[in-house]
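**Student:** Give me a model of this one.
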Amino acid sequence: MGVLNVTPDSFSDGGDHATVDTAIAYGLWLARDGADVVDVGGESTRPGAHRVTPEVEAARVVPVVAALSEQGVRCSIDTMRASVAVAAVRAGAVLVNDVSGGLADPGMLDAVAATASPYVVMHWRGQSADMQTRAVYDDVVAQVCDELGQRLEACEKAGIADVVVDPGIGFAKTAEHNWALLRALPVLQALGRPLLLGSSRKAFLGALLDGREPKGRDAATTALTTLAAEAGAWGVRVHDVSGSADAVRVVQRLHDA
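**Tutor:** Sure, this is the predicted structure:
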């Protein structure tokens, strides 16, 4: 899953693709580079970020999804809002990726069910502006699994058939929490749903790499992609598509052998 942030303030690439035309061009490049899905988002969820209006978010992403879909690029919509999700699916998005797992918008689960779209439910404890204050766990793996299990029950009750789970690396998590979750991929797999990991260029990798800037963390991200593929994850959400695509090919070839 290639990251396409149509935003001015995302932590790694804010402003790089902030117009519809530049975003479309980059989405096409991600697809050519090996992305199976281009994940289009119009609202930053970096720690400390503040929300934009639904109108601004929709104006950023819906034309991009429509244009890419018309050119054969499979898109997901990265949003916490039901209205934006529905508009993007109507424009051609094949997947709704909701970092709040349906908690930010009470209408999200019913809206996704009505579209019959597959849905990514991420572990989430609150909005970006203050989410790191919620990074308090007795047992992060057990609690994340329990809280994701509750969201899966809510999805089932709403009638969403196809659900992918995401442990929310970096969302209300310290670096140690992130590493604990990455060590526990088999436990997360036991939730019985396809597993998506979004660890690309995140701050805990910067801390490991002595403060390296986000765009200098791609090799470390590719290492995590290799581990995720080896563990049987369904997908990874990354900025550097080519490196991760190569890593997946290597792991698949070894398995085929």
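
**Student:** all strands for the stretch 1-150 of the chain, in order.
**Tutor:** Ranges of strands in the stretch 1-150 of the chain, per DSSP state E, counting those that start in this stretch, are 2-5, 38-41, 75-78, 95-98, 119-122.

**Student:** Pull up the pairing partners for the third one, direction included.
**Tutor:** Translated: strand 75-78. According to DSSP bridges, strand 75-78 forms sheet pairs with strand 38-41 (parallel), strand 95-98 (parallel).

**Student:** List just the one of these that sits closest to R237.
**Tutor:** For the strands paired with strand 75-78, the distance to R237 is smallest for strand 38-41, at 6.0 Å, taking Cβ to Cβ. For every residue, glycine as well, the C-beta is placed using N, CA and C.

**Student:** And D162, how close does it get to L181?
**Tutor:** For D162, the distance to L181 equals 23 Å [Cβ to Cβ, to the nearest Å].

**Student:** Between the two, tell me which one has more neighbours.
**Tutor:** L181 (22 against 14; other Cβ atoms under 10 Å).

**Student:** Residues contacting the helix or strand containing the more buried one, please?
**Tutor:** If you go by DSSP states H and E, L181 is part of helix 175-183. If you take Cβ atoms under 8 Å, 6 or more residues apart in numbering as the criterion, helix 175-183 is touched by 135, 137, 140-141, 144, 167, 169-170, 173, 188, 197, 199, 202-204, 207-208, 224, 227.

**Student:** any idea of the mean pLDDT in that helix?
**Tutor:** Average pLDDT, helix 175-183: 98.

**Student:** Where do the helices of the stretch 51-200 of the chain begin and end?
**Tutor:** Taking DSSP state H, counting those that start in this stretch as the test, the helices found in the stretch 51-200 of the chain are 54-70, 82-91, 108-115, 140-158, 175-183, 185-189.

**Student:** Could you report the neighbour count for the closest residue to I24 other than its chain neighbours?
**Tutor:** Distances taken as Cβ to Cβ, 6 or more residues apart in numbering place A67 nearest to I24, at 4.8 Å, with adjacent residues excluded. A count of nearby residues for A67, using other Cβ under 10 Å, gives 20.

**Student:** one step back: list only those of the contacts of helix 175-183 flagged as buried.
**Tutor:** 135, 137, 140-141, 144, 167, 169-170, 173, 188, 197, 199, 202-204, 224, 227 (16 or more other Cβ atoms under 10 Å).

**Student:** For stretch 229-239, list every residue counted as buried.
**Tutor:** For stretch 229-239, using 16+ other Cβ under 10 Å, the buried residues are A229, A231, A233, W234, G235, V236, R237, V238, H239.

**Student:** Now intersect those with the strands, please.
**Tutor:** G235, V236 (DSSP state E).

**Student:** Return the member of the buried residues of stretch 229-239 nearest to I77.
**Tutor:** Using Cβ to Cβ, R237 is the member of those that lies nearest I77, at 13.0 Å.

**Student:** ok, the closest one to V84 distance?
**Tutor:** Distance from R237 to V84, by Cβ to Cβ: 18 Å.

**Student:** And G72, by the same measure?
**Tutor:** On the measure of Cβ to Cβ, G72 and V84 end up 23 Å apart.
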